[in-house]
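Participant: curious how this folds, go ahead:
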Amino acid sequence: QVQLVESGGGLVQAGGSLRLSCAASGRTFSNYAMGWFRQAPGKEREFVASISRTGDSTYYADSVKGRFTISRGNAKNTVYLQMNSLKPEDTAVYYCTADSVGRSRNPGLWDYWGQGTQVTVSS
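Facilitator: Below is the predicted model:
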């Protein structure tokens, strides 16, 4: 089992920035690709970004490319999502996820999930 705990969400004005963190425990962190998904009210959970086990490869949804940056610190068992130039449409609950493969944008193919952290962007 992998336990994931997100932090860093909150309320921010449009154009502002937030940095989400996800602390992992339970298994060897570097064995897992890590990802971030989000879910807005009334919408399906959608892919935001993912990063490979070594951190060499990153992937982004088109809607966040150029504004969000995913990174990981394997020594700290933590993955981050730096979110800049936030827009009201970024408002959602953001979930951290882990998977031994982690190449899919389908949330159903990721093994472990955190409880989520709310991000609200006001206009």
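Participant: and the residue nearest to residue 107 when sequence neighbours are not counted, how far is that from residue 27?
Facilitator: In this structure, residue 107 finds its nearest non-sequential neighbour in residue 45, 4.7 Å apart by Cβ to Cβ, 6 or more residues apart in numbering. Just so you know, the C-beta spots here come from the backbone N, C-alpha and C atoms, and that holds for glycine as well. With distances taken as Cβ to Cβ, to the nearest Å, residue 45 is found 23 Å from residue 27.
Participant: if you count what's nearby, which of those two comes out ahead?
Facilitator: Taking neighbours as other Cβ atoms under 10 Å, residue 45 and residue 27 compare with residue 45 leading, 19 against 15.
Participant: give me the pLDDT for that one.
Facilitator: Note on residue 45: pLDDT of 97.
Participant: wouldn't it be in contact with residue 108 here?
Facilitator: No: with contact defined as Cβ atoms under 8 Å, residue 45 does not reach residue 108; the gap is 9.2 Å.
Participant: contacting residues for the residue nearest the centre of the chain?
Facilitator: In the chain, the residue lying closest to the centroid (Cα atoms, centre = their mean) is residue 36, at 2.3 Å. Contacts of residue 36 were listed using Cβ atoms under 8 Å, 6 or more residues apart in numbering, and they are 20, 22, 48, 49, 50, 70, 79, 81, 94, 95, 96, 97.
Participant: secondary structure element holding it?
Facilitator: strand 33-39 (DSSP states H and E).
Participant: chain center to that strand, what's the gap?
Facilitator: 4 Å (Cα atoms, centre = their mean, to the nearest Å).
Participant: just the C-alpha atoms of that strand, please, in PDB.
Facilitator: The C-alpha atoms that make up strand 33-39 are tabulated as PDB, following Å, rounded to 0.1, in the frame of the first residue of the first chain:
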ATOM      1  CA  ALA A  33       5.300   7.200 -11.200                       C
ATOM      2  CA  MET A  34       3.300  10.100  -9.700                       C
ATOM      3  CA  GLY A  35       0.400  12.100 -11.000                       C
ATOM      4  CA  TRP A  36      -2.100  14.800 -10.300                       C
ATOM      5  CA  PHE A  37      -5.700  14.700 -11.400                       C
ATOM      6  CA  ARG A  38      -8.500  17.200 -10.600                       C
ATOM      7  CA  GLN A  39     -12.200  17.100 -10.400                       C
END
